[in-house]
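Chemist: Below: sequence and its predicted model.
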Amino acid sequence: MSNSSSFAVEAHDLVKVFPRGNVRALDGVSLHVEEGTILGLLGPNGAGKTTAVRILSTILGPDSGRASILGHDVVKEAETVRRIIGLAGQYAAVDENLTGRENIRMVGRLSHMSWKASGVRATELLENFGLTDAGDRVLKTYSGGMRRRLDLAAALVARPPVLFLDEPTTGLDPQSRQDLWGVIENLVAGGTTVLLTTQYLEEADRLARNIVVVDHGRVIAEGTPAELKANLGTSVVSITLSDDGMAQKAAGLVASLSDNAPLVDRNIVELTVENGPMVGAEVLRALDAAQVPIAGLALREPSLDDVFLSLTGHKSEAETAAERAARIGKGSKHRGEADADGRDAA
Amino acid sequence: MTTITAPATAPLADSGHRLRWVLNDILTVTWRNLVALTRTPEAMFFSTLQPIMFVLLFAYVFGGAISIPHLKYIDFLIPGIFVQTVSFGSVSTAVGLSEDLQKGLIERFRALPMARSAVLAGRTTADLSRNIFVVALMTGVGYAVGFRIGTNIGLFLCGILLVLLYSYALGWGFATVGLSASNAETAQVMVFPIIFPFTFASSAFVPVASMPGWLQAFAKNQPVTQVVNAARSLMVGGPTHNTKAVWLSLAWTLGLLVVLAPIAVRKYRRVA
């Protein structure tokens, strides 16, 4: 591990403050991506994911800290870095007025490939991404999924060994997302190193070997998906109530059954515990005794969503029992906010 | 920062190679902008319709009320229209760059191993090509409404060249506007308050002598008047002959380019 050469991407203590609004977008972020693997950079909107990617892809300079791609410093050797990276952004940075082929060709030419070679590469990429038929159509006619695939294709023109994908599937329908996941997996199987930012835990869970969770510009957790889940107990007891009010009431009743605070999402209360079946039975007894009718009870493995909520939904972690009791007593308004935070994050 | 590190990464022997790639990048971005232009023919159509309407407006509506000693008004007007057309045309430089910025294309460009100056140079070069087309069209329209070259074709083309050079310099100024605007619509409305006073308080449509004294002081000493007077001298000659204006307009144009281009490049490096 001390040998840095096994990492394709290294960042040490990156800090970036945007003077406008004095936002500390990055507040000492360090991360490493092993060659030939995917690192998932996970976090809610505004957590600093995009800022990190922009620094690593030389678009933005850090205020302090350093980063390198395959050993090349992103500030001092920015030009070299630009030759070995590909970037696909969340805003699908493609030219609406050009055809798919022309877009790929443009990036090829700007990556200093010959006109002919960029044409050959365009044909190849359009085929790989199922865009052959649409290749000569202007991008305005593309669907969201096609546009993302083209954006990714454009990032791959020069066959970069390191790829940055900034929320590649945000806003895509499930089928397009699955397709894109397959494409990314193929790339990594071919040896490409990928740093992927996402708000979707499912995505990081499926694709990433390692995950770094950021919030407010800081790394708040890192590890493999399994490690992150293991920190959370082994199972989740999910109780469905008849309505939101009942869920609040039930959350108060079952809170003492787990070390982790119960999470309420509308009419569902979830409790992360070590011994699922036993706690499940206790939940039934407690709710029955209080005459709270339940609509459903389920046991499941914790998902990364649970990890994420427990890490970034500060309210459920950091608050005191008294605060919790007060909030639960107040009803759903405050809860709604906490819930919304978690939902956006997820 | 890039300029400092550039020699370190590119060996000296590579400088010719490097220049070739800068040109390649500028050409590629120019190509991309021109292709995009052909994809919005309706925008092209209406943006060429506007100067034609200006010709008709001044030739037939206002022109009768404006008398120029020893000169047909249409001969006075057309060189002014050329300058007005290319000035208004520079809106597209601001709008185009603003759109690229907004849509994240510049973001992509910045992560590519291309010359940073190529995004701006490619845009201004594409707009120059567009202006060449529009000026050619306006020459035809001018002929149709009675404009005639008073000098010779060589001097006329020199006049055209001067107008185009001026438009190119101006483009760099509007590039900065485009990079400063929060979106394309804002860029568009930001440009006109800058262009309007310079274009209309100039010798483009009426003799400066017809203006009140305080306005004359402005009109006589601003670049549009110099460029219009120079274009008129080169295209029409006769009573409009003005060698001093030719040199002054060249000085203005080069001065603007030397000042505006670095400002635009600096702005481009800063926006992220």
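Modeler: Thanks, I have it.

Chemist: from here on, contacts and neighbour counts on C-alpha atoms
Modeler: OK.

Chemist: Domain-wise, how is chain A divided?
Modeler: A:4-223, A:231-345 (automatic domain parsing).

Chemist: The ones you listed: which one's closest to B:Gly255?
Modeler: domain A:4-223 (30.8 Å; CA to CA).

Chemist: Show me where the chain has its helices.
Modeler: I'll assume chain A. For chain A, applying DSSP state H gives helices covering A:49-56, A:78-84, A:100-110, A:115-128, A:144-155, A:174-189, A:201-207, A:225-230, A:244-254, A:276-289, A:304-312, A:314-318, A:321-330, A:332-345.

Chemist: oops, I was thinking of chain B
Modeler: Going by DSSP H, chain B shows helices at B:2-9, B:15-38, B:41-56, B:73-89, B:91-102, B:105-110, B:118-144, B:153-180, B:184-200, B:213-220, B:223-235, B:243-270.

Chemist: ok, back up a step: now tabulate the helices of chain A in JSON lines and tack on mean neighbour count and mean pLDDT.
Modeler: Below are those laid out as JSON lines (neighbours: other CA atoms under 10 Å in any protein chain shown; pLDDT from 0 to 100):
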{"stretch": "helix A:49-56", "mean neighbour count": "24", "mean pLDDT": "93"}
{"stretch": "helix A:78-84", "mean neighbour count": "22", "mean pLDDT": "94"}
{"stretch": "helix A:100-110", "mean neighbour count": "26", "mean pLDDT": "95"}
{"stretch": "helix A:115-128", "mean neighbour count": "17", "mean pLDDT": "94"}
{"stretch": "helix A:144-155", "mean neighbour count": "24", "mean pLDDT": "90"}
{"stretch": "helix A:174-189", "mean neighbour count": "16", "mean pLDDT": "90"}
{"stretch": "helix A:201-207", "mean neighbour count": "19", "mean pLDDT": "86"}
{"stretch": "helix A:225-230", "mean neighbour count": "17", "mean pLDDT": "81"}
{"stretch": "helix A:244-254", "mean neighbour count": "21", "mean pLDDT": "89"}
{"stretch": "helix A:276-289", "mean neighbour count": "16", "mean pLDDT": "88"}
{"stretch": "helix A:304-312", "mean neighbour count": "21", "mean pLDDT": "70"}
{"stretch": "helix A:314-318", "mean neighbour count": "16", "mean pLDDT": "32"}
{"stretch": "helix A:321-330", "mean neighbour count": "14", "mean pLDDT": "40"}
{"stretch": "helix A:332-345", "mean neighbour count": "16", "mean pLDDT": "33"}
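
Chemist: so A:Leu42 bridges to which residues?
Modeler: A:Thr198, A:Val213 (DSSP bridges).

Chemist: per-residue confidence at it?
Modeler: On pLDDT, A:Leu42 comes in at 89.

Chemist: Repeat that for B:Thr2.
Modeler: What the model reports as pLDDT for B:Thr2 is 36.

Chemist: Ok, A:Thr169 next?
Modeler: At A:Thr169, pLDDT is 86.

Chemist: Which positions in chain A make contact with chain B?
Modeler: For chain A, the residues in contact with chain B (CA under 8 Å from any CA of the partner chain) are A:57-60, A:76-80, A:82-83, A:85-89, A:91-95, A:97-98, A:106-107, A:109-112.

Chemist: now the helices of chain A in TSV, with distance to B:Arg232?
Modeler: Listed next are the helices of chain A as TSV, based on distance: least, CA to CA, whole Å:
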stretch	distance to B:Arg232
helix A:49-56	51
helix A:78-84	48
helix A:100-110	41
helix A:115-128	43
helix A:144-155	49
helix A:174-189	60
helix A:201-207	66
helix A:225-230	74
helix A:244-254	79
helix A:276-289	90
helix A:304-312	69
helix A:314-318	72
helix A:321-330	79
helix A:332-345	63
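
Chemist: For B:Thr85, which of these is the nearest?
Modeler: Within the helices of chain A, the stretch nearest B:Thr85 is helix A:100-110; the backing value is 30.2 Å (CA to CA).

Chemist: What is the closest one packed up against?
Modeler: Judged by 3 or more CA pairs under 8 Å, 6 or more residues apart in numbering or on different chains; DSSP states H and E, helix A:100-110 is in contact with helix A:115-128, helix A:144-155, helix B:15-38.

Chemist: who are the neighbours in contact with residue 250?
Modeler: By default, I'm working from chain A. A:269, A:287, A:292 (CA atoms under 8 Å, 6 or more residues apart in numbering or on different chains).

Chemist: ah, I was thinking of chain B
Modeler: B:Leu250 neighbours (CA under 8 Å, 6+ apart): B:162, B:227.

Chemist: Model confidence score at it, please.
Modeler: B:Leu250 is assigned 97 on the pLDDT scale.
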